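> Take a look and give me a structure for this.
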Amino acid sequence: VSILSCRFFVNFPSAKQYFSQFKHMEDPLEMERSLQLRKHARRVMGAINTVVENLNDSEKVSSVLALVGKAHALKHKVEPVYFKKLTGVMLEVIAEEYANDFTPEVHGAWTKMKTLIYTHVTAAYKEVGWAQYPTATL
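Alright, predicted model coming up:
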């Protein structure tokens, strides 16, 4: 979890602007030790775990990701493109950490998961009328 968070913020330092507790941290080791960062990373992975555990329940998946999307659009004002960036880093870290088990089939499944998350989250952004919805793709 901390590897994912640190990699995300090192690769995309502009994402730190949304986190007052650690937006000024530059040192990956300092980020790794941050309690607030670890708490947020656990919440992110908890939501992803809920999605994975409920892949056969499309209503539950939609509900969880809609809540995440709406909270990040309305409360946190996070650009939705960061979900694409985060899930990309997640895929990269999983591939490295589980290299021996990361078959083409597993890669395909996680790629579908990445798309599923981004699609549902951005749908929630559109639903709440997100004005800064990006047109660029990564």
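> in the longest helix along the chain, what counts as buried?
Longest helix in the chain by number of residues (criterion: DSSP state H): helix 104-127. Within helix 104-127, the residues that count as buried by 16 or more other CB atoms under 10 Å are Trp110, Met113, Lys114, Leu116, Ile117, Tyr118, His120, Val121, Thr122, Ala124, Tyr125. Bear in mind the C-beta positions are built from the backbone N, C-alpha and C, glycine included.
> so what's the first one closest to, chain neighbours aside?
Sequence neighbours aside, Leu91 is the residue nearest to Trp110 in space, at 5.3 Å (criterion: CB to CB, 6 or more residues apart in numbering).
> What residues sit buried inside the strand or helix carrying that neighbour?
Per DSSP states H and E, Leu91 falls inside helix 81-97. Within helix 81-97, the residues that count as buried by 16+ other CB under 10 Å are 81-91, 93-94.
> just to revisit the earlier point, what's the longest helix of the chain packed up against?
Contacts defined by 3 or more CB pairs under 8 Å, 6 or more residues apart in numbering; DSSP states H and E place helix 104-127 against helix 35-53, helix 58-70, helix 81-97.
> To Leu4, which of the ones you listed lies closest?
Shortest distance between Leu4 and the helices and strands packed on helix 104-127, using CB to CB, is found for helix 81-97: 4.9 Å.
> Contacts for the closest one next, please.
Applying CB atoms under 8 Å, 6 or more residues apart in numbering, the contact partners of helix 81-97 are 3-4, 7-8, 11-12, 15, 18, 44, 48, 69, 72, 102, 107, 110-111, 113-114, 117-118, 121-122, 134, 136, 138.
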